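Asker: Return atomic coordinates for the entry below.
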Amino acid sequence: MADHTTKKKASGTALVAGPVQSDQPASAKLSPGMAGSPFVMATLSFNPLRKTDIFKPMETLMTQNKTQYDKLANDAAAAGKENVEAFLRSTNIWVKGTEDLIKTCMTLAQENASKNSEAIKTIMGCKTLNELTEVQNKLAQETFDGFMAGATKLSELTVKLTTDALEPINDQVSKSIKKATESVAA
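Answerer: Numbering: from 1, shown residues only. A predicted model of the protein is given here:
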């Protein structure tokens, strides 16, 4: 069995050297009065690397915690991936819906431009003040009706776009809440 030797420095502190190989048992190197002591025998036979029943609960706990940590890390990674995928689906829906909204705005602008051009021709063709007043009132009503129809259409498109774009995120949040609730309940 290997033994450690100590040397004293001039200051009185001990220096521990590496193991010394010897053919004698460790208890034979001790003073005769201490050789048979149970404490000395237990100390000499102690091996911290030896598995004993004392370390089993700690080993079980550490293994269990590592397993729980691994599961938690994997669940978090999966949830993160699902969140990113939901965000990307939402973004794609938003981009497509925004394109449709812009096309609708451009169509409405073109329709209004052509209506305004027709209105100017009609106004320029008026010969009397009464005819001008009637045309102006009629054009004002048509312009107001057109504005309200366009605003309603844009409002409906915007609400639909927002609802559709947020649906993947709402679904993912619902799934996350459900998982968290189940996890807490378990």
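Asker: for the residue most central in space within the chain, phi and psi?
Answerer: By Cα atoms, centre = their mean, the mean C-alpha position of the chain lies nearest to residue 80, the distance being 4.2 Å. Phi and psi for residue 80, reported as degrees, to the nearest 10, are phi -60, psi -40.
Asker: what's it in contact with, if anything?
Answerer: Shown in contact with residue 80 (Cβ atoms under 8 Å, 6 or more residues apart in numbering): no residues. Backbone N, C-alpha and C define where each C-beta goes, glycine included.
Asker: what's the offset of the helix or strand containing residue 72 from the middle of its chain?
Answerer: Element membership of residue 72 [criterion: DSSP states H and E] is helix 56-124. For helix 56-124, the distance between its averaged C-alpha position and the chain's averaged C-alpha position is 15 Å (Cα atoms, centre = their mean, to the nearest Å).
Asker: and the helix or strand just after that helix, what does it pack onto?
Answerer: Tracing the chain C-terminally past helix 56-124 and defining elements by DSSP H and E, one meets helix 129-185 next. Using 3 or more Cβ pairs under 8 Å, 6 or more residues apart in numbering; DSSP states H and E, the elements in contact with helix 129-185 are helix 56-124.
Asker: ok so, going back, quick one: average pLDDT of the helix holding residue 72?
Answerer: For helix 56-124, the per-residue pLDDT values average out at 88.
Asker: so residue 93 touches residue 164, yeah?
Answerer: Yes: between residue 93 and residue 164 there is a contact at 5.2 Å, judged by Cβ atoms under 8 Å.
Asker: neighbour count winner among these two?
Answerer: Regarding residue 93 and residue 164, a neighbour count based on other Cβ atoms under 10 Å identifies residue 93 as having more, with 18 against 14.
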